[in-house]
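> Predicted model and sequence follow; I will ask about them next.
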Amino acid sequence: MQNPEIEAVFFDIDGTLLSFKTHEVSPSTEEALAQLQAKGIKIILSTGRSINSIDHVRYLDFDGYITFNGGYCVSKEGHILFKKSIDSKDIESLLKHAKEKPLSFSFMSEKEVTIHDVTPEIAGMYAHLNLPVPPLVDMDNVNTDEILQTNIFLGPDEEEQFMQEIMPNSIASRWTPLFADVNPKGQSKKVGIDIFCKHYGIDITKTMAFGDGGNDITMLQHVGIGVAMGNANPEVKEIADYITDDVDSDGIWNALKHFNVL
């Protein structure tokens, strides 16, 4: 396989850069990212996490940050390249619904993450991600115009009806059965990739991406080479151009070597 002259590589965090077992980036991945940058290849983070929940990987010195599944894109220098909030009508509808029926959810804005109704399962999930449980939502004091993403804690079988009835102007994606990432309709990591390709003047055919969850599907389908981790969800592996080893078995390093990018 010839080197496809890759100019930018996009990386998901959880289950891709970061092991769920160690909560760390492996030495081989750290070395891979350093070698990519030494060759002049841009490395760009692409995550469903908030801009405030990525401090533990910032030491890798990325060339850009796609956060909130594409809803908030920030340059290496800290300039906001793109920002899109959820329709305030959907947030108001969600708040009304949550006052009438039991529902756990988190709100993510540019400045903070808050959560409503912390169950033992949710507390366990935050521990799994090596993140503190956020403070509680003040249900009567929410700025409904500033919510960039919400995580709705409901099962996949309940998702379609909930979105149609409660948040019709938004779109759901998920990388875990525990919750759905909810973003403005039309929003995805694909949008973030286009923002950075324009920012750096890179053709989409000269891009590569690594991911493992449902919210990575649009990203992997959009780039020149979409790589699913060995630990990826089945639906992610189905659409990937290549399936590498898992996050704990040097998956990123091995795929970059396979395609002669390194």
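Happy to help now that I have it.
> Look up how far residue 65 lies from residue 55.
11 Å (Cβ to Cβ, to the nearest Å). (C-beta placed from N, C-alpha, C; glycine too.)
> With neighbour numbers in mind, choose between these two.
It is residue 65, of residue 55 and residue 65, that has more neighbours when counted by other Cβ atoms under 10 Å, with 23 against 8.
> Double-check that the more buried one belongs to a helix.
No: read with DSSP: H, G, I helix; E, B strand; the rest coil, residue 65 is strand and lies in no helix.
> Show me where the chain has its helices.
Counting by DSSP state H, the chain has helices at residues 27-38, 88-100, 120-128, 156-165, 189-200, 217-222, 234-239, 251-258.
> which of the ones you listed has the lowest average pLDDT?
Per-stretch mean pLDDT for the helices of the chain is lowest at helix 120-128 (a mean of 83).
> So which bits of it are buried?
For helix 120-128, burial by neighbour count (16 or more other Cβ atoms under 10 Å) applies to 122, 125.
> For that helix, list the C-alpha coordinates in CSV.
This file holds the C-alpha atoms of helix 120-128, laid out as CSV (Å, rounded to 0.1, in the frame of the first residue of the first chain):
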residue,chain,number,x,y,z
PRO,A,120,-25.6,4.9,40.6
GLU,A,121,-25.2,3.9,36.9
ILE,A,122,-24.4,7.4,35.9
ALA,A,123,-21.9,7.9,38.7
GLY,A,124,-20.3,4.6,37.6
MET,A,125,-20.1,5.8,34.0
TYR,A,126,-18.2,9.0,35.0
ALA,A,127,-15.8,6.9,37.0
HIS,A,128,-15.4,4.7,33.8
